[in-house]
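Q: Here is a sequence together with a model predicted from it:
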Amino acid sequence: MAILPIIETPDPLLRQISTPVEAVTDETRALIADMFETMYAAPGIGLAAIQVGVPKRILVIDLQEPEEEGGEPVKKPLVFINPEIVRESEDHQLYNEGCLSVPDQFAEVERPAEIRARWLDENGTAHEEDLDGLLAVCLQHEMDHLEGILFIDHLSRLKRDMLLKKLAKARKLAA
């Protein structure tokens, strides 16, 4: 396993539409393992393959939520290969989103509160489930990456420009 470099905006690769995975192979599973290691090291709760330079329809998510109030986070890694949303609720929710490709920047994004999603796991097994809460938000956020969309694209031009200026300033200070 390896920690891969995460591509950051404005890299044009982030705007590329990812292609479907034709077959789940050992190579696919090796990439998934590297993606989890990269995501945990960042640290983050979701990562799309395109964010590590691979334009394939693969996502990894681990909300790392504690099983009990105030408890230690528990790893529950989830793999989504060729995910698709087959239904979304009319109800929407706001969530303060961030992204490893837009480091240390956060903004409220409105998304459907509930979705029905279909995907394959790392063994090629098909799943279809109703999802809500943070998992629904995270899956929609990561699926946007597969279409070349960043969470900042859901913001008004003014908010997006302000956020990108803050990012540029932070990068300048870090240099």
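A: Perfect, thanks for sending it. Residues are numbered from 1 along each chain as shown.
Q: Could you work out the end-to-end span of stretch 41-50 for me?
A: End-to-end distance for stretch 41-50: 17 Å, by Cα to Cα, to the nearest Å.
Q: Please list all residues in contact with the residue lying closest to residue 23 once chain neighbours are set aside.
A: The shortest distance from residue 23 to any residue other than its chain neighbours is 7.6 Å, reached at residue 124 (Cβ to Cβ, 6 or more residues apart in numbering). Placement of C-beta: from N, CA and C, glycine included. Counting by Cβ atoms under 8 Å, 6 or more residues apart in numbering, residue 124 touches 23-24, 81.
Q: what does residue 55 give?
A: By Cβ under 8 Å, 6+ apart, the contact list for residue 55 reads 13, 16-19, 49.
Q: any idea which of those is closest to residue 163?
A: Each of these was scored against residue 163 by Cβ to Cβ, and residue 13 proved nearest at 20.0 Å.
Q: Wait, a helix at the closest one?
A: Yes. According to DSSP: H, G, I helix; E, B strand; the rest coil, residue 13 belongs to a helix.
Q: follow-up on the earlier one: let's have the contacts of residue 55 in a markdown table, adding neighbour count and distance to residue 57.
A: Listed next are the contacts of residue 55 as a markdown table, based on neighbours: other Cβ atoms under 10 Å; distance: Cβ to Cβ, whole Å:
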| residue | neighbour count | distance to residue 57 |
| --- | --- | --- |
| 13 | 14 | 15 |
| 16 | 15 | 12 |
| 17 | 12 | 9 |
| 18 | 20 | 5 |
| 19 | 12 | 7 |
| 49 | 25 | 8 |
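Q: Please convert those to CSV, extending it with pLDDT and secondary structure.
A: Output for these, formatted as CSV (pLDDT from 0 to 100; DSSP: H, G, I helix; E, B strand; the rest coil):
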residue, pLDDT, secondary structure
13, 98, helix
16, 97, coil
17, 98, coil
18, 98, coil
19, 98, strand
49, 98, helix
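Q: Taking those together, which two end up most distant?
A: The largest separation in the contacts of residue 55, counting by Cβ to Cβ, is between 13 and 19 at 13.2 Å.
Q: By mean pLDDT, point me to the weakest helix or strand of the protein.
A: Ranked by mean pLDDT, DSSP states H and E, the weakest helix or strand in the chain is helix 157-174, scoring a mean of 94.
Q: May I have that helix as CSV, with CA atoms only?
A: In CSV, the C-alpha atoms belonging to helix 157-174 read as follows (Å, rounded to 0.1, in the frame of the first residue of the first chain):
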residue,chain,number,x,y,z
ARG,A,157,-19.9,32.9,-8.0
LEU,A,158,-19.2,35.3,-5.2
LYS,A,159,-18.8,32.6,-2.5
ARG,A,160,-16.7,30.5,-4.8
ASP,A,161,-14.4,33.4,-5.7
MET,A,162,-14.0,34.3,-2.0
LEU,A,163,-13.2,30.7,-1.1
LEU,A,164,-10.6,30.4,-3.9
LYS,A,165,-9.0,33.7,-2.8
LYS,A,166,-8.7,32.3,0.8
LEU,A,167,-7.2,29.1,-0.7
ALA,A,168,-4.7,31.1,-2.8
LYS,A,169,-3.8,33.3,0.3
ALA,A,170,-3.2,30.1,2.5
ARG,A,171,-1.0,28.6,-0.2
LYS,A,172,1.0,31.8,-0.5
LEU,A,173,1.5,31.9,3.3
ALA,A,174,2.5,28.3,3.3
